[in-house]
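**Q** Model the following, please.
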Amino acid sequence: MSTKIHAVVDALGNPLRWILTGGQTADITQAPSLIEGLRAQVVVGDKGYDADALVALIHAAGAQAVIPPRGNRKEQRAYDRHLYKDRNLVERFFNRLKQFRRIATRYDKLANNFISLLNLVCAYIWLA
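**A** Predicted coordinates for the structure are as follows:
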């Protein structure tokens, strides 16, 4: 039994939205629901989010997609390498989450209890 936390952070690394799914769920399947309704100038993601449908969704929302193309793409898409460096804000957020032992080791057996603790920790990160 494993779980995966999908999250969106702002320009300061504070969590805006998060979703808990099963560990086998691909990241890109949760991306539309994570970015829906958010107003942003730039959406940064790793190669796992490289899909034409997601890039089109981001552009339709009026934002710039900064997602590097996968190596197996026939037509490589350009992206801003300087803006892509800000992706580490998400990595830093997950490292802050792992400072909480109960989140890192997932003591809670029920997803409802785990997401409640995740909500509490994200509120603490906003206040800290």
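**Q** Where does the residue lying farthest from the centre of the chain fall, secondary structure wise?
**A** Largest separation from the mean C-alpha position in the chain: Lys74, at 26.0 Å (Cα atoms, centre = their mean). Assigned by DSSP states H and E, Lys74 falls within no helix or strand.
**Q** Also Asn112?
**A** Per DSSP H and E: helix 111-127 holds Asn112.
**Q** same question, Leu16
**A** Counting by DSSP H and E, Leu16 is found in strand 15-22.
**Q** helices or strands up against the very next helix or strand once past that strand?
**A** Next along the chain after strand 15-22, taking DSSP H and E as the criterion, comes helix 27-35. Counting contacts by 3 or more Cβ pairs under 8 Å, 6 or more residues apart in numbering; DSSP states H and E, helix 27-35 is packed against strand 3-9, strand 15-22, helix 52-60. The way it works is simple: take the backbone N, C-alpha and C, and place the C-beta from them, glycine included.
**Q** So what touches the last one?
**A** Under the criterion Cβ atoms under 8 Å, 6 or more residues apart in numbering, residues Ile28, Ala31, Pro32, Ile35, Val43, Gly45, Gln64, Ala65, Ile67, Arg77 lie in contact with helix 52-60.
**Q** and if we set it to 6 Å?
**A** The contact list for helix 52-60, computed with Cβ atoms under 6 Å, 6 or more residues apart in numbering, reads Ala31, Val43, Ala65.
**Q** For the helix or strand hosting the second one, which strands pair with it and how are they oriented?
**A** This points to Val43. Element membership for Val43 (DSSP H and E) is strand 42-44. Sheet pairing for strand 42-44, assigned by DSSP bridges, gives strand 64-66 (parallel).
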